[in-house]
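Peer 1: Sequence first, then the predicted structure:
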Amino acid sequence: MEIVGRGFIATNLATIAGRHPDAVVLAAGVSSAVATSDAGFRRERQLVEQTVERCAREGRRLVFFSTASSGMYGATGCTGREDDPVTPRNPYAEHKWRLERLIQRSGTDYLVARLSHLVGAHQRPHQLIPALVGQLRTGRIQIRSGTRRDLLEVRDMVRITNALLSGGVSRQVVNVASGVPVPIEVIVDYLEMRLGLFAEREYLSASDGGSVSIDKLRRLVPGFHFEAAYYRGALGAYLNSLTPRT
């Protein structure tokens, strides 16, 4: 596959770069769920438009990474299913949803993967788990009480992407997630325990909601199943990546 990008997702996808020669994977663009920059959104849209045109010209499949965050699925009444209507709740999710629609209407062969919160080596500081770890190390952390996050270890994202492409999944939007929503307090508890840290907690109000369905993923690539305690292994993989090897 051709991987466009050099960041967290692109680095991890490099392990399967020799497979799926017909695929062009867009692993570049806006990566922060709280992003609001019109300039960043415009640059990513231009990149998507250019890549769509090239894939159509070369007869290749475009793989685009969208979001399965609460910004996409958190609206009241949202089912968390890919083929049901969504009402994006923030500029980032709205931006990704519009790019999905652009790709779907282009006529180009595509696979859209809506990603939950990835966890693992090479993450950027602004992403969820590195940001929480950074706050813990200051001795003070802000928690939006009642929020839940679906965590997926990045190596599992790579395995799922490989399975979807190997299975010939085409012209589909698929949630790539664990389907295991974890309260943010539980995530912080585990990080504190593993790091041997204790931070003063400031609780903020939140209107978070929604969950991510992986029913479609299970139908398309049977065999992926995640236990309730899956998040611990995902967080452990990230924390282990922070320890220098001797």
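Peer 2: Arrived safely.
Peer 1: Tell me which residues are up against the top helix by length along the chain.
Peer 2: Across the chain, the longest stretch assigned as helix under DSSP state H is helix 38-58. The contact list for helix 38-58 (C-beta atoms under 8 Å, 6 or more residues apart in numbering) reads 4, 24, 26, 28-30, 35, 60-62, 64, 91, 95, 98-99, 102-103, 106-110. In short, each C-beta sits where N, CA and C put it, glycine included.
Peer 1: Could you list which of those belong to strands?
Peer 2: The members of those that map onto strands under DSSP state E are 4, 24, 26, 61-62, 64, 110.
Peer 1: Relative to R144, which of the residues you listed is nearest.
Peer 2: F64 (28.3 Å; C-beta to C-beta).
Peer 1: follow-up on the earlier one: pull out the buried residues from the longest helix of the chain.
Peer 2: Within helix 38-58, the residues scored as buried using 16 or more other C-beta atoms under 10 Å are 40-41, 44-45, 47-48, 51-52, 55.
Peer 1: Was I right to think L152 contacts L115?
Peer 2: Yes - judged on C-beta atoms under 8 Å, L152 makes contact with L115 at a distance of 7.3 Å.
Peer 1: could you pull out the helices for this structure?
Peer 2: Using DSSP H, helices in the chain cover 8-13, 38-58, 70-73, 91-105, 128-138, 154-166, 184-195, 215-220, 230-241.
Peer 1: Of the ones you listed, flag the one that's most buried.
Peer 2: Across these, averaging neighbours per residue (mean count of other C-beta atoms under 10 Å) puts helix 70-73 on top, at a mean of 27.
Peer 1: residue contacts, the nearest residue to K96 once chain neighbours are set aside?
Peer 2: Nearest residue to K96 in three dimensions, chain neighbours excluded: S66, at 4.4 Å (C-beta to C-beta, 6 or more residues apart in numbering). Residues near S66 by C-beta under 8 Å, 6+ apart: 72, 96-97, 99-100, 112-115, 173.
Peer 1: right, so of the helices of the chain, which gets closest to Y203?
Peer 2: With C-beta to C-beta as the criterion, Y203 lies closest to helix 184-195 of these, at 9.1 Å.
Peer 1: Of all residues in this structure, which one is nearest the centre?
Peer 2: With distances taken as C-alpha atoms, centre = their mean, L115 lies nearest the centre of the chain, 2.9 Å away.
Peer 1: Now do the contacts for it.
Peer 2: L115 neighbours (C-beta under 8 Å, 6+ apart): 65-68, 152, 157, 176-177.
Peer 1: for it, which residues make a bridge with it?
Peer 2: Going by DSSP bridges, L115 is paired in beta bridges with T67, V176.
Peer 1: Skip the chain neighbours and tell me the closest residue to R155.
Peer 2: Nearest to R155 is G120, by C-beta to C-beta, 6+ apart, at 6.3 Å.
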